[in-house]
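Participant: sequence first, predicted model second:
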Amino acid sequence: MIQHCIVQVVLDTPLDFYFDYRYPVEAENFPVPKIGMLVVVPFGRREEAGLIVDVKEESEIDENKLKDVVSVISEIPPLRTDWIDLCRFAAGYYQRPLGEVALPSIPKNIRANKKLALKRAVKALVQVPGNIVATNMEKPVLLKAQEQAVSAIVKTRGFKPFVLYGVTGSGKTEIYLQAIEEKLKQSDAMQVLIMVPEINLTPQLEVSVRSRFPGVTIATLHSRLTESERLKNWLQIHTGVARIVLGTRLAILASMPQLGLIVVDEEHDLSYKQQEGLRYSARDLAVWRANQLGIPVVLGSATPSLESWQHVLSGRYVKLELPERAVKDAVLPAIRLIDATREPLQNGFSPSLINAIKRRLEKSEQSLLFLNRRGYAPVITCEACGWISVCERCTAYMVYHKSHHLLRCHHCGLERPIPRVCPDCGNIDLQTLGRGTQRIEEGLAGYFPDARILRIDADSTRKKGSLEAALEMVHKGEIDIVIGTQMISKGHDFQNMTLVGVLNPDTALFSHDYRAGERLFSQLMQVAGRAGRGGVSEHGNRSEVLIQTRYPMHPLYQAALTHDYGNYVSDLLMERQNAGLPPFGFQVLLFAEARKVENALDFLRQAIDAIPEPEAVIINEPIPMAMMRIANVERAQLLIESTSRGRLQGMLKEWIPVLRNMKTGIRWHIEVDPMSI
Ligand code: ADP
Ligand code: ZN
Ligand code: ZN
């Protein structure tokens, strides 16, 4: 008779349980069971991959009722307990079952136990031998502030979070590279993780890393990898072959057995917050993981998040500051505000901006026009009766896309032909309101018929490789004027760009979201950072950023004028403290979806009744979401706040299981530390 022991397994299911299975002892193809091993088990009518989280002699359940483990995915070395602990923390903190956190962060081909693919991938792992870190690449001699930063990072033993605060072009990337080099030299096995908001938008970092460390295995992790690339890269990382991991937010959940340093570039960026499933903040998990492993973590930004800034003020994080741009003479661009109430705009342009572009064209320098709104016009309307092109499925306008001759909803994707007459009153004179990038492109071509103009936004870069091709053209100087959305604002090092025009930033000043101002500021700094990176232009001019606004006296713009983030943040923090908002207060949002918003609101009211100790937290009124309907689903939200993270977490721990058991048929989810409310 075969002897059994019991393994406790988590699976990728919404059921928040650990499942017991029988595991044959000393049977062929069944190695000694260990925590962290991956197994295939029967679950319902299917077979599923599971992660062993405990091995025991007996189960609380009648063993005759237990099923047997089908097989072991033995090609994969077991996952380490520190990785399981990370998943367990993330699951607990963000209120998801452990299995739903752990399993999805393992490549599909492993979970599907594709023996052939696994064997091949494991065989292909090549350990790079010897003194791999040495590089004969030219590297710049560090400036004093850079040197101090590198040395502070690499001499750290144990956990320490650094906020690397430096304007765009101040040499943060160079610090990452040199700190990584030193770290890799400290131990033959050490791994480092560099996280970026969006690899596809910042291909230059990958290029720099690869050329700086030619002998080192570098593995990327992001959502656009094919399954076989993902398997290969993940395995390289999990087995320690890859010494440098370059990835987006999901990389923080990779198994990195020798992790010794984490870098989070542009740590303030919203992309670090996952917006579905496990709604985690990769930045926050990075700090947690660094703490768990006792290693340094570097949070780099020109406009650090208020959370990180406050930690600096309270002494929990260490600030490393780079006061100026690294390239000699590459001073920050001069920022000028153009008062659109005094200088009326035509076709979206002020005369000053048109003149500034003209001067660049005459000198063969490049200009960038930034407008965070794609399409031709945000809406078309009938002036006779007031009809507006709204989406029939969303609380949103249909955007006019002139080149495709259609109206498109940017929220649900619905497309409709452009009505020839007003659907309500028959008026044939429909007007477009407002401007998107396509209309700006058209207007600009009217002013500068000979200029080489390129629009870069989500519509113009749909085809794979088209973004890369567009950027290449800009770098090569084949383009005079770039019109772009936020896609173009990050990271790119355009050497000949001496003018940035910001077209219509004011809407963020009046957002319902209290973080909108902070975001606009960082966006302005980012986009301004695209100008003047190559040093003083041949013509000896300082680069310029022109911001067209109707509110030039707004404190946000006034702070932007002097690139003075520190001052602006102090004001913001004071406001937040007075209002009890993050980083001084803590928040969770419960979202509910239904056909009718009333039902969603009803559910939220029932949920409030189920809150244990309601007096321990601040419970707000449930409200319809600002964008209430998307694709015919109506949505409402409930905000719960507390001055204590611990109290909020304690409440959630009791509350969520109750919500799970409420049989209402309403779809809901919870978001801890929401980034927009
Ligand atoms: P950031 O990441 O802060 O935007 P980068 O690290 O990309 O800045 O540096 C901006 C530019 O300055 C790059 O072209 C980089 O090669 C250059 N640079 C960085 N450090 C130095 C240095 N110490 N001496 C000369 N050039 C430098
Ligand atoms: Zn009408
Ligand atoms: Zn829609």
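Facilitator: Looks like it came in fine. Numbering: from 1, shown residues only. Ligands and ions are numbered 1, 2, ... in the order given.
Participant: where in the stretch 501-650 of the chain is pLDDT low?
Facilitator: The model of the stretch 501-650 of the chain has pLDDT under 70 over residues 534-541.
Participant: how about the helices of it, start to end?
Facilitator: 516-528, 555-561, 565-579, 597-609, 645-661 (DSSP state H, counting those that start in this stretch).
Participant: deepest-packed of the ones you listed, please.
Facilitator: helix 516-528 (a mean of 22; mean count of other CB atoms under 10 Å). For the C-beta atoms, the positions are set from N, CA and C on the backbone; glycine is no exception.
Participant: quick one, it and helix 565-579 angle?
Facilitator: If you take axes from the mean of the first three to the mean of the last three CA atoms, to 10 degrees, helix 516-528 sits at 170 degrees to helix 565-579.
Participant: follow-up on the earlier one: reformat the helices of the stretch 501-650 of the chain as JSON lines; add distance to ligand 3.
Facilitator: Converted to JSON lines, the helices of the stretch 501-650 of the chain look like this (distance: least, CB to the ion, whole Å):
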{"stretch": "helix 516-528", "distance to ligand 3": "22"}
{"stretch": "helix 555-561", "distance to ligand 3": "31"}
{"stretch": "helix 565-579", "distance to ligand 3": "33"}
{"stretch": "helix 597-609", "distance to ligand 3": "16"}
{"stretch": "helix 645-661", "distance to ligand 3": "29"}
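Participant: what would these look like in CSV with distance to residue 396?
Facilitator: Supplementary listing: these in CSV, determined by distance: least, CB to CB, whole Å:
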stretch, distance to residue 396
helix 516-528, 17
helix 555-561, 26
helix 565-579, 29
helix 597-609, 15
helix 645-661, 29
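Participant: leaving out chain neighbours, which residue sits closest to the residue most central in space within the chain?
Facilitator: Taking CA atoms, centre = their mean as the criterion, residue 271 is the residue nearest the geometric centre of the chain, at 1.2 Å. Excluding its sequence neighbours, the residue lying closest to residue 271 (CB to CB, 6 or more residues apart in numbering) is residue 197, at 3.9 Å.
Participant: neighbours around the one you found, how many?
Facilitator: Close neighbours of residue 197, defined as other CB atoms under 10 Å, add up to 21.
Participant: how far away is the closest residue to residue 279 other than its chain neighbours from ligand 3?
Facilitator: Setting aside the residues directly before and after it, residue 279 is nearest to residue 671 in space (CB to CB, 6+ apart), at 4.7 Å. The gap separating residue 671 from ligand 3 is 22 Å, by CB to the ion, to the nearest Å.
Participant: what pairs with residue 671 across the strands?
Facilitator: residue 589 (DSSP bridges).
Participant: any idea how far residue 83 is from it?
Facilitator: The spacing between residue 671 and residue 83, counted by CB to CB, to the nearest Å, is 24 Å.
Participant: now residue 326
Facilitator: Residue 326 is 36 Å from residue 83, where distance means CB to CB.
Participant: packing partners for the lowest-mean-pLDDT helix or strand in the chain?
Facilitator: Lowest by mean pLDDT, DSSP states H and E among the helices and strands of the chain is helix 203-212, with a mean of 87. Counting contacts by 3 or more CB pairs under 8 Å, 6 or more residues apart in numbering; DSSP states H and E, helix 203-212 is packed against helix 172-186, strand 218-221, strand 244-247.
Participant: residue 11 against residue 39, yeah?
Facilitator: No. Applying CB atoms under 8 Å, one finds residue 11 not in contact with residue 39, separated by 10.2 Å.
Participant: shared neighbours of the two, anything?
Facilitator: 49, 50 (CB atoms under 8 Å, 6 or more residues apart in numbering).
Participant: who's in contact with residue 280?
Facilitator: Contacts of residue 280 (CB under 8 Å, 6+ apart): 90, 93, 94, 249, 252, 273, 274.
Participant: show me which pair in the residues you listed is furthest apart.
Facilitator: For the contacts of residue 280, the farthest-apart pair by CB to CB is 93 and 249; their separation is 15.2 Å.
Participant: residues from this structure in reach of ligand 2?
Facilitator: By CB under 5 Å from the ion, the residues of the chain that approach ligand 2 are 382, 384, 385, 387, 422, 424, 425, 427.
Participant: ok, so of those, who is nearest residue 160?
Facilitator: Among the residues of the chain next to ligand 2, and counting by CB to CB, the member closest to residue 160 is residue 387, at 59.6 Å.
Participant: roughly how far does that closest one sit from residue 627?
Facilitator: From residue 387 to residue 627 the distance is 21 Å (CB to CB).
Participant: again, but for residue 454
Facilitator: 31 Å.
Participant: these two - which one has more neighbours?
Facilitator: More neighbours surround residue 454 than the other of residue 454 and residue 627, with 18 against 11 (other CB under 10 Å).
Participant: going by proximity to ligand 1, name the top residue of the stretch 401-550 of the chain.
Facilitator: The minimum distance from the stretch 401-550 of the chain to ligand 1, using CB to the nearest ligand atom, falls at residue 493 (6.0 Å).
Participant: that older thread, neighbour-wise, which one of the residues of the chain next to ligand 2 leads?
Facilitator: Counting neighbours by other CB under 10 Å, the top entry in these is residue 382, with 21 neighbours.
Participant: show me what contacts the residue lying closest to that residue once chain neighbours are set aside?
Facilitator: Nearest residue to residue 382, sequence neighbours excluded (CB to CB, 6+ apart): residue 422, at 3.8 Å. Applying CB under 8 Å, 6+ apart to residue 422 gives the contacts 382, 384, 385, 387, 428, 430.
Participant: sec struct for residue 422, please.
Facilitator: coil (DSSP: H, G, I helix; E, B strand; the rest coil).
Participant: higher neighbour count, residue 93 and residue 249?
Facilitator: Taking neighbours as other CB under 10 Å, residue 93 and residue 249 compare with residue 249 leading, 25 against 19.
Participant: neighbours of the residue lying closest to the more buried one once chain neighbours are set aside, how many?
Facilitator: Computed as CB to CB, 6+ apart, the closest residue to residue 249 that is not its neighbour in sequence is residue 282, at 3.5 Å. Per other CB under 10 Å, the neighbour tally for residue 282 reads 24.
Participant: since that was my last question, I'll sign off now.
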